[in-house]
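**Student:** sequence and computational prediction follow.
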Amino acid sequence: HSTLFAVSVGSGMQVLGMSVVTLFFAMLGLLSPAHRGSLLQFMMLLFTLMGILAGYTSARFCKVFDGDEARWKCTTLVT
């Protein structure tokens, strides 16, 4: 069950990172809610880029809880 936990934490970090960065740029005034297309495009781009953070986080959690050297690669791909 630790693999499922690591994947869930990684995906949560992906969504959290996307939300925080989007809100930060919106607070700076660089993203306007009036231009919904640009806001959605920015969020989709960030969601894709935050996949790196999700994979890293899930691999670290998998290594901490399992200690298995081969399982972290599978966990990263599942994330």
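**Tutor:** Yep, that arrived.

**Student:** which residue lies farthest from the center of the protein?
**Tutor:** Here the centre of the chain is the reference, and by Cα atoms, centre = their mean the most remote residue is A34, at 25.9 Å.

**Student:** that residue and A26: what is the separation?
**Tutor:** 11 Å (Cβ to Cβ, to the nearest Å). Just so you know, the C-beta spots here come from the backbone N, C-alpha and C atoms, and that holds for glycine as well.

**Student:** and for R60?
**Tutor:** 29 Å.

**Student:** likewise H35?
**Tutor:** Taken as Cβ to Cβ, the span from H35 to A26 is 11 Å.

**Student:** ok, now S11?
**Tutor:** 23 Å.

**Student:** tell me which of these two has more neighbours.
**Tutor:** S11 (17 against 14; other Cβ atoms under 10 Å).

**Student:** so that one sits against A54, correct?
**Tutor:** Yes - with contact defined as Cβ atoms under 8 Å, S11 counts as touching A54 (5.8 Å).

**Student:** separation between M43 and G55?
**Tutor:** 19 Å.

**Student:** what about these two, which has more around it?
**Tutor:** G55 (21 against 15).

**Student:** count the residues that sit near the closest residue to that one other than its chain neighbours.
**Tutor:** Spatially, and ignoring its direct neighbours in sequence, G55 is nearest to T76 (4.4 Å; Cβ to Cβ, 6 or more residues apart in numbering). Using other Cβ under 10 Å, T76 is surrounded by 20 other residues.
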